[in-house]
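In: just coords:
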């Protein structure tokens, strides 16, 4: 990516990863298909997935998930599950939504500073790295704080406090960010289903909608 010279008009766009850039639904389905060969049904996978997230307080940690699976399927090696998952992680590029790279490239050319704030642990960092998107972001934060407020504050402190747009797919996260950081313009990405949500500033189906929002904010600020 070109080295961006920040200006007074630069806008900061903070993005979530799963559900915004990365199709985590298809990624999970790929895991379910791979694990089914070893006696883990999709239903069992899903039930234990949610149990594991409850144990962590909300973020996903494969070591906990796979440990719980191995208790239910005692002959199944955790090492094998990690190996199969690692293969899928290396294929992360194929789970990116089609409009992601064009949007990030447009931002790179349009005086828009990009940052990434995502929930998870080292597994999430590996997905982001394997996706090939890391060079687009001036700052990347992977946090266990599911509200992401602290992560966004850290980004704003790092790249400077300017106009900020935050895009996420979870309304609870957006609600918390808007409550704690009212100056942030919140956008809900609804890739698969459009629902009325009065608690966010805007809702969109794809990055074409985000581009319109950014253009409108920049145009208004220039007046």
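Out: On my side now, so go ahead. Quantities reported herein were computed from a predicted structural model and do not represent experimental measurements. Numbering: from 1, shown residues only.

In: residue ranges of the helices in the protein, please?
Out: Taking DSSP state H as the criterion, the chain carries its helices at 24-36, 42-56, 62-72, 78-89, 100-108, 122-131, 149-159, 171-180, 207-222.

In: closest one to residue 142 among the ones you listed?
Out: helix 122-131 (5.1 Å; Cβ to Cβ). All C-beta spots, glycine's among them, are computed from the backbone N, C-alpha and C.

In: counting contacts, what elements does that closest one pack onto?
Out: helix 78-89, strand 112-119, strand 139-143 (3 or more Cβ pairs under 8 Å, 6 or more residues apart in numbering; DSSP states H and E).

In: what's the angle between the first one and helix 62-72?
Out: Between the axis of helix 78-89 and that of helix 62-72 there is an angle of 130 degrees, by axes from the mean of the first three to the mean of the last three Cα atoms, to 10 degrees.

In: list the buried ones in helix 78-89?
Out: 78, 81, 84-85, 88-89 (16 or more other Cβ atoms under 10 Å).

In: which secondary structure element of this protein has the lowest mean pLDDT?
Out: helix 207-222 (a mean of 90; mean pLDDT, DSSP states H and E).

In: report the distance from that helix to the chain centre.
Out: Relative to its chain's centre, helix 207-222 lies at 21 Å (Cα atoms, centre = their mean, to the nearest Å).

In: could you give me the buried positions within that helix?
Out: Buried, per 16+ other Cβ under 10 Å, within helix 207-222: 207, 209-211, 213-214, 217-218.

In: hang on, the earlier thing: in TSV: the helices and strands packed on helix 122-131, plus mean pLDDT and distance to residue 43.
Out: Shown next, in TSV, are the helices and strands packed on helix 122-131 (pLDDT from 0 to 100; distance: least, Cβ to Cβ, whole Å):
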stretch	mean pLDDT	distance to residue 43
helix 78-89	96	17
strand 112-119	96	25
strand 139-143	96	29
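
In: understood, closing this out.
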